[in-house]
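Student: Just a sequence and a predicted model for now, questions to come.
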Amino acid sequence: MQFRQQALSKLQSPEEIDLPVRFARPQGWLVLTVTVLFVIAASVWAVTGTVSSTLNAPGILTHGQGSYVLQSPVAGQVTAVLAEEGKRVAAHTPVLRVRTAQGTTVVRTLAAGRLTTMVATIGSVVTTGADVASVERIARAGDPLTATLYVPAESGATVPVGASVDLTVQSVPAQQYGVLRGRVKAVGRTAQSRQRISTFLGSSQLGEEFSQHGQPVAVLVQLDAVPHSRSGYAWSTSDGPPYAVDSMTPASGAVHLAAQHPIDWLLP
């Protein structure tokens with residue numbers, strides 16, 4: 001009872017009327033101000049800001065027209081290798097000479113291109129239908145390189161045509177010369193089987209490698225051309241490597257997907 005009377009007397013004291021009422025300490029006002037500013041900034045960023053993402057996928061540099069596997073039409077022993085691996089060959093160019101029981105047969109290319117792999121060697125025995133070489137189809141000597149990426153089928157729909165791509169080329173040190181620049185030209189609509197990839201690239205090993213995690217979707221990347229550079233293409237560094245890049249060179253691509261507003265995934 002005594003404490004109550006003291007409290008009432010303080011409330012009724014005229015000396016207390018002119019004293020200001022303290023609602024919060026200065027430290028509290030500072031924390032409140034910072035919190036309000038942070039909420040405002042986060043709201044503006046959620047509406048106007050963007051979040052970029054990338055999709056990584058393995059691939060290979062090609063001329064975009066595929067390859068074919070050259071097979072021996074006869075069984076016998078290889079007596080001569082008539083074409084050099086890595087060189088361009090015209091259609092119907094002699095590649096091998098095979099001695100059979102009926103005589104000597106010359107194995108020739110089916111179409112013009114570049115001899116990427118020579119399987120048969122002098123003295124080896126081949127059977128009818130055996131793979132003896134791989135030839136990449138090239139219509140003209142100046143055909144530009146492209147890159148084919150093999151993206152997981154479930155991610156293929158997220159890749160837009162025109163998206164920028166950074167390619168790390170196996171034969172080019174990225175720390176020294178950077179990455180190769182390009183843009184998505186086309187996205188496959190159907191998943192690629194191991195056999196289909198092997199047929200297109202002319203290599204069963206590559207078909208196995210690119211389909212080991214399931215059937216992927218092929219994404220065609222057009223490389224950014226720069227005529228004055230030694231390689232003929234644009235790199236993240238000023239000049240890129242001081243040498244040309246060959247087709248059938250493995251590469252890994254980072255596809256820059258379309259930027260999304262954060263509010264799209266904050267408020268689905």
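Tutor: Yep, that arrived. Bear in mind that the values here come from a model prediction, so they are computed numbers and not experimental data. Numbering: from 1, shown residues only.

Student: low-scoring pLDDT stretches of the stretch 51-200 of the chain, where are they?
Tutor: Low-confidence segments of the stretch 51-200 of the chain, defined by pLDDT under 70: 51-52.

Student: ok, which stretches of it are helices?
Tutor: 174-177, 194-201 (DSSP state H, counting those that start in this stretch).

Student: which one of those has the most crowded surroundings?
Tutor: helix 194-201 (a mean of 18; mean count of other CB atoms under 10 Å). Where C-beta positions appear, they are placed from N, C-alpha and C, glycine not excepted.

Student: by contact count, what packs against that one?
Tutor: strand 67-71, helix 204-210 (3 or more CB pairs under 8 Å, 6 or more residues apart in numbering; DSSP states H and E).

Student: between it and strand 67-71, how big is the angle?
Tutor: Calculated by axes from the mean of the first three to the mean of the last three CA atoms, to 10 degrees, helix 194-201 forms an angle of 90 degrees with strand 67-71.

Student: returning to that earlier point: with mean neighbour count and distance to residue 166 as new columns, can the helices and strands packed on helix 194-201 be given to me in TSV?
Tutor: TSV is the format used below for the helices and strands packed on helix 194-201 (neighbours: other CB atoms under 10 Å; distance: least, CB to CB, whole Å):
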stretch	mean neighbour count	distance to residue 166
strand 67-71	20	25
helix 204-210	17	19
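
Student: Mind checking the helices of the stretch 51-200 of the chain for the one nearest to residue 114?
Tutor: The closest of the helices of the stretch 51-200 of the chain to residue 114 is helix 194-201. By CB to CB, the value is 12.9 Å.

Student: who's in contact with that closest one?
Tutor: 60, 62, 66-69, 150, 192, 204, 206-208, 210-211, 215, 248 (CB atoms under 8 Å, 6 or more residues apart in numbering).

Student: give me that answer again for 6 Å
Tutor: Helix 194-201 is contacted from outside by 66-67, 204, 207, 210-211, using CB atoms under 6 Å, 6 or more residues apart in numbering.

Student: Tell me which of the helices of the stretch 51-200 of the chain lies nearest to residue 184.
Tutor: From these, taking CB to CB, the stretch that ends up closest is helix 194-201, at 18.1 Å.

Student: That closest one: how far from the chain's middle?
Tutor: Helix 194-201 sits 18 Å away from the centroid of its parent chain (CA atoms, centre = their mean, to the nearest Å).

Student: Report the beta-bridge partner residues of residue 94.
Tutor: residue 108 (DSSP bridges).

Student: same question, residue 220
Tutor: residue 148, residue 186.

Student: Residue 62 too?
Tutor: residue 146.

Student: can I assume it is in contact with residue 246?
Tutor: No. The pair residue 62 / residue 246 is not scored as a contact, 10.3 Å apart, by CB atoms under 6 Å.

Student: Between the two, which has more neighbouring residues?
Tutor: residue 62 (23 against 13; other CB atoms under 10 Å).

Student: Next, count neighbours for the nearest residue to residue 178 once chain neighbours are set aside.
Tutor: Nearest residue to residue 178 in three dimensions, chain neighbours excluded: residue 236, at 3.4 Å (CB to CB, 6 or more residues apart in numbering). Using other CB under 10 Å, residue 236 has 13 other residues around it.

Student: Distance of residue 236 relative to residue 158?
Tutor: Taking CB to CB, to the nearest Å as the measure, residue 236 and residue 158 are separated by 24 Å.
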